[in-house]
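Colleague: Let's see this in three dimensions:
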Amino acid sequence: MSPDDFRRLALALPGVVEGAHMGASDFRVGRIFATLGYPDARFGMVQLTRDLQEVLVAAEPAAFVPVKGGWGLKGATNVVLDAVDEPTLKSALEQAWRLKAGKRLLAELDART
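Modeller: Numbers count the residues shown, from 1 in each chain. Now for the predicted structure:
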């Protein structure tokens, strides 16, 4: 996947706006749920629960790696863009989005499927 693919999938979720945070693009639904370009252009990041992070890292260790330090202990998970496929990335972004979206947006996404 490319940075443009990551951006396209993130912005396809209801209510998402792109901003910038600490030199990286971020994707918000009220609060940041994903970033692009951290620690460099080869990576994205999804903000998950620790449990979800452990599941993704165990299932796809080449594609998902906990962010180093305290953020990683809180569920921040790097996505190795050239190692992840579209369905897996889409699922990870949606899981991160669901943790930050409000009830109205959750209902909107669920109505699409």
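Colleague: got the contact list for the longest helix anywhere in the chain?
Modeller: Using DSSP state H, we find that the single longest helix of the chain is helix 86-100. Contacting residues not belonging to helix 86-100 are listed as 1, 5-6, 9-10, 13, 16, 27-34, 44, 46-49, 52, 56, 60, 63-64, 77, 79, 84, 106, 109 [Cβ atoms under 8 Å, 6 or more residues apart in numbering]. Yep, even glycine has a C-beta here, placed from its N, CA and C like the rest.
Colleague: Over to stretch 33-45?
Modeller: 3, 6-7, 10, 21-27, 46-47, 67, 76-82, 89, 93, 96-97, 99-101.
Colleague: May I see the ChimeraX selection of the buried members of the residues you listed?
Modeller: Here is the ChimeraX command that selects the buried residues among the contacts of stretch 33-45 (16 or more other Cβ atoms under 10 Å):
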select :6,7,10,24,25,26,27,46,47,67,76,77,78,79,80,81,89,93,96,97,99,100,101
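Colleague: Just the contacts of stretch 33-45: which are in strands?
Modeller: Mapping those onto strands (DSSP state E) picks out 21, 24-27, 46-47, 76-80.
Colleague: Make a markdown table from those residues and add distance to Asp40 and pLDDT to it.
Modeller: Formatted as a markdown table, these follow (distance: Cβ to Cβ, whole Å; pLDDT from 0 to 100):
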| residue | distance to Asp40 | pLDDT |
| --- | --- | --- |
| His21 | 15 | 78 |
| Ala24 | 9 | 86 |
| Ser25 | 13 | 94 |
| Asp26 | 15 | 96 |
| Phe27 | 18 | 97 |
| Val46 | 16 | 98 |
| Gln47 | 18 | 97 |
| Ala76 | 15 | 97 |
| Thr77 | 16 | 98 |
| Asn78 | 10 | 98 |
| Val79 | 12 | 98 |
| Val80 | 11 | 98 |
